[in-house]
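A.B. asks: compute the structure for the input listed below.
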Amino acid sequence: MSELQQNLRANLIAIAELFKSADAVREFQTQVPHVFVPTELFCMWFDDTYIPDRVEFINAFSSVELDAIKIFNTSMEHLSIEAGDPPPSIESLVTLSSWSVVEANANKLLGVLNA
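C.D. replies: Numbers count the residues shown, from 1 in each chain. Predicted structure coming up:
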């Protein structure tokens, strides 16, 4: 696996770790109080992390992992739609019905990636 592929995996795992619980995103907010974290979270996933059309991205994961990533992405898309643009605060974001699905899928994704 190339260094780029290792970095893609590490970045994806780090993002999944953020989405695994409301407490994790709240903690992230305290680390970067000058940033509107809900928008940053969506940008980190959709703009920086989930790049399924790149060969390097595809080759960094097994087919089982890619399937889990796609499921997580679908839940992120639903959260993004429910949250709206701009998204609400972290405290409001984590109360949306689609948040619990994102959280559950982040935990499932981490289980697959760490198997």
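A.B. asks: what about V37, how many residues nearby?
C.D. replies: 21 (other Cβ atoms under 10 Å). For the C-beta atoms, the positions are set from N, CA and C on the backbone; glycine is no exception.
A.B. asks: now whichever helix in the chain runs longest: buried residues?
C.D. replies: Counting residues, the longest helix found in the chain (DSSP state H) is helix 63-83. With burial defined by 16 or more other Cβ atoms under 10 Å, the residues of helix 63-83 counted as buried are 65, 68-69, 72-73, 75-76, 78-80, 82-83.
A.B. asks: cool, and stretch 26-43?
C.D. replies: Using 16+ other Cβ under 10 Å as the test for burial, stretch 26-43 gives 28-29, 37-38, 40-42.
A.B. asks: ok, and what's touching it?
C.D. replies: By Cβ atoms under 8 Å, 6 or more residues apart in numbering, the surrounding residues in contact with stretch 26-43 are 18-19, 25, 76, 80, 83, 86-90, 93-94.
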